[in-house]
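coords below, sequence missing:
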């Protein structure tokens, strides 16, 4: 669909009427209606990490680092943060690190503050029932990284914890959350909750705060979390509910020049950890009719303002219907040179505007400035 909005008719206003509504100008004796066209687009940005205190919602880190590094054979060293987080082997957040499984089955850990590799430990296969021999990567029961290990939901709807090196550390027997809260009475296999860390299963409450349950028993703990909106940093004033959207949370700054997307990665070292992707939004490509006058009895002079004239074409239609067919019309740079069907760069400069000429060969036409599709 082409986006056509109301034109500005700055000259010969008496020629402009609106029988078809305010969105389109009806022009008689070749007084054209130039229609603004805008294309929404954005420039590629860079992904980094931001963190917030889990107990207060206050901003703590905004690293603005984009590339993993590390010596000693780290497989992902040199890769971009974005490629790590989108990789199927990315496992999550643990303490102050981001962890990803490499091709040998080791878990490379990178500080989320510096993105420098800090550890390389075994991740698979798991050892000990109920997940003996299973890989952690792609495991349907995997809930989250926790305490240098892995917290999983088991086939019998209980949970288990595999510690450092993927060795079974605990096989829990509880099957329902308890102690009140939004998860009370539900089974851990329901897939609810947002993260596990420090022996706690975290959930976003319906009231927009955090709540937590012990991973060992399923019982809800004392409610330490009362805040609902972030303070400081890129998420200042935004709600926890918005920021924890599993598909990510996208918003623009006040002047519309930047678009930011944050996505929750997990909880580690008492921090809510997010990826942050900022894009610069350029000014839209525009073309607008500024004025019209007669050049001769057979030629009309059109004045146009456009920030990207090579993208736009002058189009015409004889009648307006629900299926109006717009077609490119020939234009001249001075009314004497050939009339060519081409873009607006074939024109004459006039200050910040451009001048084009069209033939006055019919009693009535409709004109628009539009992009070729």
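Looks like it arrived, so ask away. Since we're looking at a predicted model, the values are computed, not measured.

count the residues that sit near the nearest residue to residue 132 once chain neighbours are set aside.
Closest residue to residue 132 apart from its sequence neighbours, by C-beta to C-beta, 6 or more residues apart in numbering: residue 126 at 6.4 Å. For the C-beta atoms, the positions are set from N, CA and C on the backbone; glycine is no exception. Residues lying near residue 126 (other C-beta atoms under 10 Å) number 25.

now swap in residue 95 and tell me
21.

so who does residue 344 touch?
287, 304, 306, 309-310, 312-314, 354, 356, 369 (C-beta atoms under 8 Å, 6 or more residues apart in numbering).

how far away is the residue nearest to residue 132 from residue 360?
81 Å (C-beta to C-beta, to the nearest Å).

okay, helices next: where are they in the stretch 51-200 of the chain?
81-85 (DSSP state H, counting those that start in this stretch).

OK, contacts around residue 130?
With C-beta under 8 Å, 6+ apart, residue 130 has these contacts: 154-156, 160, 171.

let's see 6 Å
With C-beta atoms under 6 Å, 6 or more residues apart in numbering as the criterion, the residues that contact residue 130 are 154, 160.

that older thread, filter the contacts of residue 344 to the buried ones?
Burial by neighbour count, judged by 16 or more other C-beta atoms under 10 Å, picks out 287, 304, 306, 309, 312-314, 354, 356, 369 from the contacts of residue 344.

coming back round to it: would a markdown table of the contacts of residue 344 with distance to residue 95 and secondary structure be doable?
Output for those, formatted as a markdown table (distance: C-beta to C-beta, whole Å; DSSP: H, G, I helix; E, B strand; the rest coil):
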| residue | distance to residue 95 | secondary structure |
| --- | --- | --- |
| 287 | 54 | strand |
| 304 | 60 | strand |
| 306 | 54 | strand |
| 309 | 56 | helix |
| 310 | 54 | helix |
| 312 | 55 | strand |
| 313 | 58 | strand |
| 314 | 62 | strand |
| 354 | 60 | strand |
| 356 | 65 | strand |
| 369 | 57 | strand |
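
which one of those residues is nearest to residue 94?
Nearest to residue 94 among these, counting by C-beta to C-beta, is residue 310 at 51.8 Å.

look up the closest residue to that closest one, ignoring the ones flanking it.
Looking at residue 310 with C-beta to C-beta, 6+ apart, the closest residue is residue 345, at 4.3 Å.

so the one you found touches residue 308, yeah?
No. The pair residue 345 / residue 308 is not scored as a contact, 9.3 Å apart, by C-beta atoms under 6 Å.

about what we covered before: the buried ones among the contacts of residue 344: which two are farthest apart?
That would be 313 and 354, which, of the buried ones among the contacts of residue 344, are the farthest apart (C-beta to C-beta) at 13.1 Å.

so how many other residues sit close to residue 367?
Residues near residue 367, counting by other C-beta under 10 Å: 25.

likewise for residue 71?
8.

residue 216 now?
15.

mind checking which helix or strand it is in?
Per DSSP states H and E, residue 216 falls between elements, in no helix or strand.

in space, what's closest to it - neighbours in sequence excluded?
Per C-beta to C-beta, 6+ apart, closest to residue 216 is residue 172, 5.9 Å.

so the one you found versus residue 209, what's the distance?
26 Å.

could you list the low-pLDDT ranges of the protein?
Low-confidence segments of the chain (pLDDT under 70): 1-44, 373.

returning to what we had before: which one's more surrounded, residue 345 and residue 308?
residue 308 (16 against 12).

so residue 181 sits against residue 221, correct?
No. Between residue 181 and residue 221 there is no contact under C-beta under 6 Å: 9.4 Å.
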